[in-house]
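> How does the following fold in three dimensions:
(chains A and B)
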There are 2 protein chains.
Amino acid sequence: MATTSDNQTELNNKALLNLEVGPADRILLYLAMGAMKMGGHRYGAFLDAATTAAKFAIYTTYLEQGGNIRKTGFLYHVEPKRVKAIIQEVQEALNKGLSLKTLSSQEPYYLIGLPHLWQELHPWTPGNPRIHTQGLMASERQQIEASLPDDLPPARLLDLFEFMDLIKVLHVKSQEHLSPDQRMPLSDALTEHIKFRLLYSDTVLQIDSPLLTMPLFALARTAHSPKGPRERAFTMIEDVARFFSLMQAWVAKEPYVMRALEVFDVDPAKKDEALAELDKLLQDWADKYHQDDGDPMVLQLAAGNREFEV
Amino acid sequence: MATTSDNQTELNNKALLNLEVGPADRILLYLAMGAMKMGGHRYGAFLDAATTAAKFAIYTTYLEQGGNIRKTGFLYHVEPKRVKAIIQEVQEALNKGLSLKTLSSQEPYYLIGLPHLWQELHPWTPGNPRIHTQGLMASERQQIEASLPDDLPPARLLDLFEFMDLIKVLHVKSQEHLSPDQRMPLSDALTEHIKFRLLYSDTVLQIDSPLLTMPLFALARTAHSPKGPRERAFTMIEDVARFFSLMQAWVAKEPYVMRALEVFDVDPAKKDEALAELDKLLQDWADKYHQDDGDPMVLQLAAGNREFEV
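Numbering: from 1, shown residues only, chains lettered A, B, ... in the order given. This next block holds a predicted model:
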């Protein structure tokens, strides 16, 4: 299922991106799709992160304008009262040493944290039953256990109530580093969202059986680690952030920054050869100049078919 | 002034970015600063663009989930009613052939369009007075005209009312391609924002003189073209969008896509040499494989100091 859905994702992404889209909007689209579809972030989390970024832009402008709230407001078409509130909010966040990891490239904490917590709170050791549910005969229990995958982590199965309790503990832990006004209550809808995401990502398996009156839940992985296209999507976000950061240095004309854009047409029969040669050229070049006690440098490159006008 | 402010911008950007920031948040921060500070977009325009991107992510998920509104809602923690409204909104936009250029890499239309409109509506031909203001003696008029820069475009000066009228015409034009619910009324605050941006970007000069009871306004450039760091900022946004697009293809494992990340340390005395050699390597490589009737390809690279952990 995951694979079909991922392929489908690509198709739809491509269809949408045939729209006439400006470059800044394109970056936002890719980012929203990466963070929400691949990363499992809530709609609200993405909007919060975007709003926070815009507030930082306002805050730095305010500093540059010598603390002139009116001028800052004019520049971005924001009421002075609103500018004032934004400045206060950002300053408080900075004073508190806020960590701006609203959208970490990894999934939300409540997804990453589950496997560890489950194994810690509900461990299982070989030889013991994985299922503690009352009202099952030993043979029924063994029948269900036999139907489970072989490679489950050492954690026992939970019934619906235990699973929901685990989500509650996880939610409380995930809120600990947030300031009180950033915290979200665990509503029924948020519980359903978290449960759905855990099943959807194959981190948790739901076990239904005619022998059971309620489904059971099994931890399926020791880590909520993204696989396949999702893992690549995280790498992509990290690469883009690094590329963006290098380009910021280029805009500021910092020394020792290089930007290159090559636009060219290649014989279809030679494309593989060309890219393989490029790969080798870059590695040889980096090896040639690498010196253990030198200045830390990084190179980030992507090459491929030219789909948009340059 | 522009230069000081730009240098200052870089300083503040760097200070903020020493915060602990995840890669997706870093991309949003760079983008907000680029679009708002360098690009002159409104706070609201950036938030609208981010919201639109997130709605598209919801819409494509809805398609992938076979039109299941409940499931789509669970995935992003959005109420089914809200999902339904978002789907309708995106579908209508797609049906209307919406062009998603909320944040074009260039500045908002009302900034770009002004020089052309001004020259068209208020042309000036040499030998005629540039100032039409009543109540000035010819000598006074000439004195003010003599104080103007030599290289002004062929457009006459406007008084405050004429300038405000021009902003009105510009605003109406900039709204023409928008659907009625996207249109914004031209409030006094929006007028002030546009006026401020035009002066701030040196596209328009304000002429104050003891001879005048009201300031005059002069068109200072034939095009609202970004200069210096601002021009580089636009290039940066375009480069990042292209890099992001190549990485999307890499995530989807499309053929003929290459991603490279080289992490290395270089003798400080050899950094210039290393980058110059890299530049030459890339150009030679592209020249070697370029063939006029080949498949269109593109390569995007940035290299520089490694400031964040890889």
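
> right, and the helix or strand after the helix-or-strand element of chain A with minimal mean pLDDT?
Counting by mean pLDDT, DSSP states H and E, the weakest-scoring helix or strand in chain A turns out to be helix A:2-17, with a mean of 49. Later in the chain than helix A:2-17, the nearest helix or strand by DSSP states H and E is helix A:23-32.

> quick one: the next helix-or-strand element following that next one near chain B?
On the C-terminal side of helix A:23-32, the closest following helix or strand by DSSP H and E is helix A:43-64. Yes. Applying Cβ under 8 Å from any Cβ of the partner chain, one finds that helix A:43-64 is in contact with chain B at A:43-44, A:46-47, A:49-54, A:56-61, A:63-64. C-beta here means a position set from N, CA and C on the backbone, and glycine is covered the same way.

> Put the buried members of the residues you listed into a ChimeraX selection.
A single ChimeraX command selects the buried members of these (16 or more other Cβ atoms under 10 Å in any protein chain shown):
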select /A:43,46,47,49,50,51,52,53,54,56,57,58,59,60,61,63,64
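
> Could you list the low-confidence segments of chain A?
Within chain A, the stretches with pLDDT under 70 are A:1-20, A:97-107, A:224-227, A:309-310.

> Looking at it, which helix is longest?
helix A:228-251 (DSSP state H).

> and that helix, which residues are buried?
Counting neighbours by 16+ other Cβ under 10 Å, helix A:228-251 gives A:229-230, A:232-251 as buried.

> A:Gln143 and A:Leu219, how far apart?
Using Cβ to Cβ, to the nearest Å, we find A:Gln143 at a distance of 20 Å from A:Leu219.

> Give me the domain ranges for chain A.
Following automatic domain parsing, one finds the domains of chain A at A:2-95, A:109-219, A:228-289.

> could I get those as a markdown table with distance to B:Pro123?
Formatted as a markdown table, the domains of chain A follow (distance: least, Cβ to Cβ, whole Å):
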| stretch | distance to B:Pro123 |
| --- | --- |
| domain A:2-95 | 29 |
| domain A:109-219 | 56 |
| domain A:228-289 | 36 |
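
> Just want the angle from the longest helix of chain A to helix B:23-32.
In terms of direction (axes from the mean of the first three to the mean of the last three Cα atoms, to 10 degrees), helix A:228-251 departs from helix B:23-32 by 40 degrees.

> What lies in contact with whichever helix or strand comes after helix A:228-251?
If you walk from helix A:228-251 toward the C-terminus, the next helix or strand you reach (DSSP H and E) is strand A:258-266. For strand A:258-266, contacts defined as Cβ atoms under 8 Å, 6 or more residues apart in numbering or on different chains pick out A:246-247, A:250, A:274, A:303, A:306, A:310, B:239, B:242, B:275, B:278-279, B:282-283, B:285-287, B:289-304.

> likewise stretch A:67-85?
For stretch A:67-85, contacts defined as Cβ under 8 Å, 6+ apart pick out A:57-58, A:61-62, A:65, A:86-87, B:36, B:40, B:42-44, B:189-190, B:192-193, B:196-197, B:200.

> Narrow these to those that are buried.
Neighbour counting over these (16+ other Cβ under 10 Å) leaves A:57-58, A:61-62, A:65, A:86-87, B:36, B:40, B:42-43, B:190, B:193, B:196-197, B:200 as the buried ones.

> what's the most distant pair in those residues?
Across those, no pair lies farther apart than A:Ile87 and B:Leu190, at 21.5 Å, counting by Cβ to Cβ.

> Report the angle between the longest helix of chain A and strand A:258-266.
With the same axes, to 10 degrees applied, the angle from helix A:228-251 to strand A:258-266 works out at 120 degrees.

> And chain B, is helix A:228-251 touching that?
Yes. Against chain B, helix A:228-251 shows contacts by Cβ under 8 Å from any Cβ at A:229, A:232-233, A:236-251.

> so how far is the top strand by length along chain A off the chain centroid?
Counting residues, the longest strand found in chain A (DSSP state E) is strand A:290-305. In terms of Cα atoms, centre = their mean, to the nearest Å, the centre of strand A:290-305 is found 25 Å from the chain centre.

> I'd like to check the angle between that strand and helix A:228-251, please.
Going by the same axes, to 10 degrees, strand A:290-305 is angled at 110 degrees with respect to helix A:228-251.

> Which neighbouring elements make contact with strand A:290-305?
helix A:228-251, helix A:271-289, helix B:228-251, strand B:258-266, helix B:271-289, strand B:295-305 (3 or more Cβ pairs under 8 Å, 6 or more residues apart in numbering or on different chains; DSSP states H and E).

> closest to B:Pro149 out of these?
Of all the helices and strands packed on strand A:290-305, helix B:228-251 sits nearest to B:Pro149, with 18.4 Å by Cβ to Cβ.

> Off-centre distance for the closest one?
Computed by Cα atoms, centre = their mean, the chain-centroid distance of helix B:228-251 equals 13 Å.

> contacting residues around A:Thr222?
Contacts of A:Thr222 (Cβ under 8 Å, 6+ apart): A:115, A:119, A:153.

> On the three-state scheme, it is what?
Three-state assignment for A:Thr222 (DSSP: H, G, I helix; E, B strand; the rest coil): coil.

> Give me the buried stretch members for whatever helix or strand A:Leu94 lives in, please.
Here A:Leu94, judged by DSSP H and E, is contained in helix A:80-95. The neighbour-count check on helix A:80-95 (16+ other Cβ under 10 Å) flags A:83, A:86-87, A:90, A:93 as buried.

> now A:Pro210: how far from A:Gly135?
When distance is defined by Cβ to Cβ, A:Pro210 is 14 Å away from A:Gly135.

> A:Trp118 contacts A:Pro154, correct?
No. Using Cβ atoms under 8 Å as the test, A:Trp118 is too far from A:Pro154 to be in contact (10.1 Å).

> any idea which helix or strand comes after the helix holding A:Leu94?
Downstream of helix A:80-95, the first helix or strand assigned by DSSP H and E is helix A:109-112.

> Could you give the separation of the following helix or strand past that next one from the chain centroid?
Following helix A:109-112 in sequence order, the next helix or strand is helix A:114-121 (DSSP H and E). When C-alpha coordinates are averaged (Cα atoms, centre = their mean), helix A:114-121 and its chain have centres 21 Å apart.

> buried sites along helix A:114-121?
By neighbour count with 16+ other Cβ under 10 Å, helix A:114-121 contains the buried residues A:114-115, A:117-119.

> show me what contacts A:Leu278?
By Cβ under 8 Å, 6+ apart, the contact set of A:Leu278 is A:303, B:258, B:260, B:285, B:299.

> residues near the spatially closest residue to A:Gln291 that is not a sequence neighbour, how many?
Computed as Cβ to Cβ, 6 or more residues apart in numbering or on different chains, the closest residue to A:Gln291 that is not its neighbour in sequence is B:Asp267, at 4.8 Å. B:Asp267: 14 surrounding residues under other Cβ atoms under 10 Å in any protein chain shown.

> All good on my end, thank you.
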